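[1] Got a predicted structure here, sequence first:
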Amino acid sequence: MHKRPLTRRLSEGLVPAVPFLWLCLLFLVPFLIVLKISLSDPAIAQPPYRPVFDWSDIAGFFSQLNLENYELLVGDDLYLRALLSSVRIAAVSTLLLLLVGFPIAYAMARAPERYRSLLVALVILPFWTSFLIRIYAWIAILKPDGFLNQVLMGAGLISEPLGILNTETAVFIGIVYAYLPFMVLPLYATLEKMDDTLLEAALDLGSTPWRSFWTITVPLAMPGILAGSLLCFIPAVGEFVIPDLLGGSETLMIGRQLWSEFFSNRDWPLASSVAIVLLIILVVPIVIYRDAEARRVENVR
Amino acid sequence: MRRTFAPWSDPDAKPLIRFENVTKRFGDAVAADNLTLNIFEGEFFCLLGPSGCGKTTLMRMLAGFEFPSEGVITLAGQNLAGVPPYRRPVNMMFQSYALFPHMSVEKNIAFGLKQDGLPKGEIVARVGEMLRLVQLEKLARRYPSQLSGGQRQRVALARALAKKPKVLLLDEPLGALDKKLREETQFELMDIQHDLGMTFIVVTHDQEEAMTMADRIAVMDHGRIVQVATPGEIYEQPKTRFIAEFVGDVNILEGHVLGQENGLWRVQTPSAEVPLTIDDPDEVLHSGQAVAIAVRPEKMVIQREWPGPDAINVLTGEVWDIGYLGDWTVYRVRLATGEILRVTRANASRFVENPIDWDEQVYITFAPDAAVILAE
């Protein structure tokens, strides 16, 4: 029988092993640690929870783990409200991002080919400045005596400064601004690949440009729409910096709760259980996406 | 089964499509140069030419994807200027087929019908009819990615036919098919066109395809139409050297006119010892004019024996190459001038005793009316 050379077999085994190991070390292990902490009790100690893993008493270690933190989460509706509010804010932001991002991506994909790489570079350009600084800049723009109000009042459009800062509106502005590249780039990637003759064929068969957009362009851009929406929705749910800096005290988001449990209350186990719940909630859309992708690949390719 | 059909020779016939002095420029490039062309209802019309000759631009102007820089296009008397593609009673079958990848075969075919807002039952009936026409009933629920090239071609055809347009445009409809399938599909397209009585306009660079299918062919070169005629006329009476060389194989002998005798032209050429006698009464020539004589390979006779002192149009050479094609044998004969002529002979019998062999000295003759004079 024909036998492949040893080096070949080795490399075939090693290549998938590298990402596998990477994911195990940097995702699975930390996840298990967080999961373990979420099942522990807070303690005034170093580290601030009990039990601490001990090889000599594994049975005792496991017997001390419990679901108390999760019971607390379910019992206090603050966490549920924070979670729902986060999902709502993330969902609205994702919708806004689609509305803003789609025309941008469409225009980029339609631009003359020689300008396209420049346009992509411009979309990525904001990353050259620190995320934190860019969000701080929005404070300067949105605050009562900030840039936006000065311009609007100078133009005579408003007489009273708009109180945008420290409201949910400011959070939406911040999220849409900060996440836009993550929406535009996947959309651009699918729209750019699209065959223009498909639109010509639709027009030829009597479909107006507007209908062709909805019956041809949007369905074919669906992979990009899904990818962009997930890339924005998932981190937006757990977003902490933007609501903390731009949102008001009434802006309830799970990321902020997590942060305050962890740093203000020093309750690592409760913070960990919040993180685990958040993770489980975010896995759902990813599974839906994967399922949709698999079906699409089956049909189209 | 072809009827006598020649509306173009009837001066009273009204053309369905008229191009009047149509020019199309893309920047500095001229894709269509002052074209005037009439196409009649029920015609199978071919636009033939090498790539970049402007034939696709002409078709896209008819579909509404391009608008003429100058001139007027009318369809059934209606000026098409400013009419968008979705309001034209014209459908197109795209070279790449442009099937919607996210729709099944039946949805693809139904797409155009849905745009017209037809009732559901009617759409279903029409889609079924189209599927039968192209023999794809069993594949109605497949997606384009699950079809072979030939099947996709049929879906594209069915989709374009579904709305029963006045004019069907076909952009290189058989370009992506293999040879055998191409030939079958050519005849199928002709049958479909005949049965539906629709006007078909086909763009192609394949002269064989054009010759087989078309009622008339317009040969295009560099944005101009050089000849519009039936396939027979294009082949037997090409107007220019470009057409003679582009459509089929041809031997060109260059020379100059000596004069006319008994209605026959005498042409001196370095390729033959005695001046050639050509029967092409339509040409108006003057003595001393440089001309090219075009003779199709199958109209030349190759023989080993000297045809005698009274024979006309005799060329002498030696056999350079022999290509046996089964039905035909192609001889490439080298003349004393170094020119290589192509002569074909039908292999009418299965066995030939003592056939003409390589390097043999041979004589080539052709009848005066076998040749066409092309003024340079």
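    Yep, it's here.
[2] Which other helices and strands does the helix or strand containing A:Ser273 contact?
    Using DSSP states H and E, A:Ser273 maps to helix A:268-300. With contacts defined as 3 or more C-beta pairs under 8 Å, 6 or more residues apart in numbering or on different chains; DSSP states H and E, the secondary structure elements packing on helix A:268-300 are helix A:29-38, strand A:41-42, helix A:68-75, helix A:77-110, helix A:218-237, helix A:254-259. (Glycine included, C-beta is placed from N, CA and C.)
[3] Low-confidence ranges, chain A, go.
    The model of chain A has pLDDT under 70 over residues A:1-3, A:299-301.
[4] and if you look at the stretch 251-376 of chain B?
    Within the stretch 251-376 of chain B, the stretches falling below the threshold (pLDDT under 70) are B:376.
[5] Export the helix or strand containing B:Gln151 to PDB, keeping only CA atoms.
    Assigned by DSSP H and E, B:Gln151 belongs to helix B:149-161. Once side chains and other backbone atoms are set aside, the C-alpha atoms of helix B:149-161 remain, and they are given as PDB (Å, rounded to 0.1, in the frame of the first residue of the first chain):
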ATOM      1  CA  GLY B 149     -23.400  24.000 -17.800                       C
ATOM      2  CA  GLY B 150     -25.800  22.800 -20.300                       C
ATOM      3  CA  GLN B 151     -28.700  22.800 -17.800                       C
ATOM      4  CA  ARG B 152     -27.800  26.300 -16.700                       C
ATOM      5  CA  GLN B 153     -27.900  27.400 -20.300                       C
ATOM      6  CA  ARG B 154     -31.400  26.000 -20.600                       C
ATOM      7  CA  VAL B 155     -32.600  27.700 -17.400                       C
ATOM      8  CA  ALA B 156     -31.200  31.000 -18.600                       C
ATOM      9  CA  LEU B 157     -33.100  30.500 -21.900                       C
ATOM     10  CA  ALA B 158     -36.300  29.600 -20.200                       C
ATOM     11  CA  ARG B 159     -36.100  32.600 -17.900                       C
ATOM     12  CA  ALA B 160     -35.600  34.900 -20.800                       C
ATOM     13  CA  LEU B 161     -38.400  33.400 -22.800                       C
END
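[6] Now do the helix or strand following that helix: which elements does it pack against?
    The element immediately downstream of helix B:149-161 (helix or strand, assigned by DSSP H and E) is strand B:167-171. Using 3+ C-beta pairs under 8 Å, 6+ apart as the contact criterion, the elements in contact with strand B:167-171 are helix B:55-63, strand B:90-93, helix B:149-161, strand B:199-204.
[7] Compile these into CSV and extend it with columns for distance to A:Asp291.
    Shown next, in CSV, are the helices and strands packed on strand B:167-171 (distance: least, C-beta to C-beta, whole Å):
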stretch, distance to A:Asp291
helix B:55-63, 40
strand B:90-93, 36
helix B:149-161, 28
strand B:199-204, 43
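[8] To chain A, which of these lies closest?
    Nearest to chain A, of all the helices and strands packed on strand B:167-171, is strand B:90-93, at 4.9 Å by C-beta to the nearest C-beta.
[9] quick check: mean pLDDT across the helix or strand just after that closest one?
    Sequence-wise, the next helix or strand beyond strand B:90-93 is helix B:105-115, with elements assigned using DSSP H and E. Mean pLDDT, helix B:105-115: 95.
[10] Run through who's touching whatever helix or strand comes next after helix B:105-115.
    Using DSSP H and E, the helix or strand that follows helix B:105-115 in sequence is helix B:120-133. Helix B:120-133 is contacted from outside by B:105-106, B:109-110, B:113-114, B:118, B:137, B:140, B:158-159, B:161-162, B:192, using C-beta atoms under 8 Å, 6 or more residues apart in numbering or on different chains.
[11] give me that answer again for 10 Å
    B:105-114, B:116-119, B:136-140, B:154-155, B:157-164, B:188, B:192, B:195-196 (C-beta atoms under 10 Å, 6 or more residues apart in numbering or on different chains).
[12] what's the longest helix in chain B?
    With residue count as the measure and DSSP state H as the assignment, chain B has helix B:179-196 as its longest helix.
[13] coming back round to it: give me the angle between the helix holding B:Gln151 and strand B:167-171.
    For helix B:149-161 and strand B:167-171, the angle between their directions (axes from the mean of the first three to the mean of the last three C-alpha atoms, to 10 degrees) works out to 150 degrees.
[14] Buried residues of helix B:149-161, list them for me.
    Buried residues in helix B:149-161, counting neighbours by 16 or more other C-beta atoms under 10 Å in any protein chain shown, are found at B:Gln151, B:Arg152, B:Gln153, B:Arg154, B:Val155, B:Ala156, B:Leu157, B:Ala158, B:Arg159, B:Ala160, B:Leu161.
[15] what angle do it and helix B:179-196 make?
    For helix B:149-161 against helix B:179-196, the angle between stretch directions is 20 degrees (the same axes, to 10 degrees).
[16] And helix B:149-161, how far out from the chain middle?
    Average the C-alpha atoms of helix B:149-161, do the same for its chain, and the two points are 22 Å apart (C-alpha atoms, centre = their mean, to the nearest Å).
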